[in-house]
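Colleague: what's the 3D shape of this:
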Amino acid sequence: MGTPDGVTGDDELTRLRSRVAALEASTARGAPKREHHRLRSFFSALLVVVGCVLVPLGLVAAWTADLLGDTDRYVQTVAPLASDPDVQAAVATRATDAVMEHIDLASLLEGVAPDQRPLVEKALGKLGGSLEDAVAGFVRDRAQDVVASPAFETIWNDANRAVHTSLDRALTGDQDGAVKIETDTVTIDLAPVVDRVKERLVESGLTAAGKIPEVHTDFTVLRADDIGKAKTGFALLQTMGAWLPVIAVLLVAGGVLLAVRRRRALVAAALGFAVAAVVLGIALTVFRTVYLNALPASVSPAAAGSVYDTLIRFLRTSVRVCAVLGVLVALVAWLSGPSRPAVLARGLWHAGIAATRSTADRAGMRLGPVGGFVHRFHTWIVWILVAGAALAFVLWPHPTGWVVIGLALALLFALLVTDFLADPAPDPEAAAVAAGGPGAGPGSGPGPGAGPKPGPGRGAGQGPGPGEGPGPVRKAD
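Modeller: Numbers count the residues shown, from 1 in each chain. Predicted coordinates:
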């Protein structure tokens, strides 16, 4: 292959060597940059993974601290158990056993007044079986009536409020107040339930039940021997319960900001956030089975399952909130990307808004200065709306998944209205002047009715002069 005129082979070789050296230098400069991007991607992924791992722990810590640190919250959580059939059956059985332990069956009918003995014998005879079974069934029916009455809800809430107050004072070391820990245990006392059962028995004709002394059935919640360890754990839980979820979110946000491709990192982080929450939900379901299988035979599995489900229902709500929030954030980040489906979705959005605005213009709707203002500050308005929705979510007391969906729909509607009001069209008069249409200024074109000017020496409508023929037809230039 030859070389151009005036260019020797040595010059061509020197030029090629220069280009090779330039390419090598460019490659050498790009190597540190690629290494820097690789380090950023590594630490970004590390922060996101650690943040997602902390999500379930943060949810559990926040739920536990909220449940143990707020008596009203605890009572609100366990209040539905008073109307749960399985719990009512378990409490009725416990009260029946307590009453039967203090009834002298041998002298039961002897203590009944003569005029009431036939009534009691008739009531016990309907139950059949031995005397003990008959009395036990009779007492169980009265106990079931008590736990099914509205009064039991009050008894249940008062008992749980007392035990939670005792538990809180035991964990914080505060022994002031009416409720104190006198022994090495914190218990729930079902004595009010037993008293109501005795009243129902007396009203039913079994006056001997009125001679039953005051019966206390204690349920141990916490032993004082473990309070030293529990205090340390409770203090740590109160601290981490408030900050661990925040730390998890900050780690995920830091990983996204450190990433080279932030939109892709945001999609991955949001989906990881949602998956971590779903994993916690699955773990709660699996632990429920393990917990119920480990219960002793004396405990009702149905009642224990109801208690478990009621206690963790707010934790399950938090799991749903995080899952829905993560999916929504990932969807928004994906829709803002350059992929073909995302571009198509955004095009349909803007086309629909433009068509609606055109229809409103034809109907005579004019935005006036509002359209220009919204168009000028459109970006600021959008960020203010997003910040307002985020602030509403943060300040909402115990939000649910439906709250997240409602806030997302409200934000979507607000963005729709904002895009509709952001009219990019110029002023109508300026547009008309630029187009030369109606409303044009003086000198912009011929006036109404103006026709073409006649040629030189010709009047309007004059024909050819004498001796003039039509002549050849000339084509227009």
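Colleague: Any regions of this protein where pLDDT drops low?
Modeller: 1-10, 25-36, 102-134, 166-191, 198, 201-235, 237-238, 424-477 (pLDDT under 70).
Colleague: could you pull out the strands for it?
Modeller: Remark: strands assigned in the chain by DSSP state E are 185-189, 218-223.
Colleague: can you give me the helices for the stretch 1-150 of the chain?
Modeller: For the stretch 1-150 of the chain, helices defined by DSSP state H, counting those that start in this stretch occupy the ranges 9-69, 71-78, 85-100, 117-127, 131-147, 150-172.
Colleague: Dump those helices to TSV, plus mean neighbour count and distance to residue 419.
Modeller: Where you see a C-beta, it was placed from the backbone N, CA and C, and this is true even at glycine. TSV is the format used below for those (neighbours: other Cβ atoms under 10 Å; distance: least, Cβ to Cβ, whole Å):
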stretch	mean neighbour count	distance to residue 419
helix 9-69	14	32
helix 71-78	16	41
helix 85-100	20	53
helix 117-127	14	74
helix 131-147	19	58
helix 150-172	18	51
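Colleague: Any chance of TSV for those, columns distance to residue 305?
Modeller: Formatted as TSV, the helices of the stretch 1-150 of the chain follow (distance: least, Cβ to Cβ, whole Å):
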stretch	distance to residue 305
helix 9-69	18
helix 71-78	14
helix 85-100	7
helix 117-127	30
helix 131-147	18
helix 150-172	18
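Colleague: Those: which one's closest to residue 389?
Modeller: Closest approach to residue 389 among the helices of the stretch 1-150 of the chain is made by helix 9-69 (20.8 Å; Cβ to Cβ).
Colleague: who are the neighbours of that closest one, in terms of helices and strands?
Modeller: helix 71-78, helix 150-172, helix 227-258, helix 262-293, helix 313-335 (3 or more Cβ pairs under 8 Å, 6 or more residues apart in numbering; DSSP states H and E).
Colleague: rerun at 7 Å
Modeller: Applying 3 or more Cβ pairs under 7 Å, 6 or more residues apart in numbering; DSSP states H and E, one finds that helix 9-69 contacts helix 71-78, helix 227-258, helix 262-293, helix 313-335.
Colleague: Tabulate the ones you listed (a markdown table), appending distance to residue 422.
Modeller: Shown next, in a markdown table, are the helices and strands packed on helix 9-69 (distance: least, Cβ to Cβ, whole Å):
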| stretch | distance to residue 422 |
| --- | --- |
| helix 71-78 | 44 |
| helix 227-258 | 28 |
| helix 262-293 | 23 |
| helix 313-335 | 18 |
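Colleague: Out of those, which is the most enclosed?
Modeller: Counting by mean count of other Cβ atoms under 10 Å, helix 313-335 has the highest mean neighbour count of the helices and strands packed on helix 9-69, with a mean of 19.
Colleague: on that earlier part again, which of the helices of the stretch 1-150 of the chain sits closest to residue 287?
Modeller: For those, proximity to residue 287 was assessed by Cβ to Cβ; helix 9-69 is nearest, at 11.0 Å.
Colleague: The closest one vs helix 71-78, what angle?
Modeller: 90 degrees (axes from the mean of the first three to the mean of the last three Cα atoms, to 10 degrees).
Colleague: check contacts around residue 328.
Modeller: By Cβ atoms under 7 Å, 6 or more residues apart in numbering, residue 328 lies in contact with 404, 408.
Colleague: Apply 10 Å and report the result again.
Modeller: Residues in contact with residue 328 (Cβ atoms under 10 Å, 6 or more residues apart in numbering) are 270, 274, 404, 405, 407, 408, 411.
Colleague: ok, the last one touching residue 385?
Modeller: Yes - counting by Cβ atoms under 10 Å, residue 411 touches residue 385, with 6.1 Å between them.
Colleague: Chain neighbours aside, what residue packs nearest to residue 330?
Modeller: Among residues not flanking residue 330 along the chain, residue 270 sits closest, at 3.7 Å (Cβ to Cβ, 6 or more residues apart in numbering).
Colleague: Residue 333 is in contact with that neighbour, correct?
Modeller: Yes - contact criterion Cβ under 10 Å: residue 270 and residue 333 qualify, at 6.6 Å.
Colleague: Now for those two: what residues contact both?
Modeller: Listed as contacting both residue 270 and residue 333 by Cβ under 10 Å, 6+ apart are residue 256.
Colleague: And stretch 349-367, what's buried?
Modeller: 353, 357, 367 (16 or more other Cβ atoms under 10 Å).
Colleague: Sweet, I'm off.
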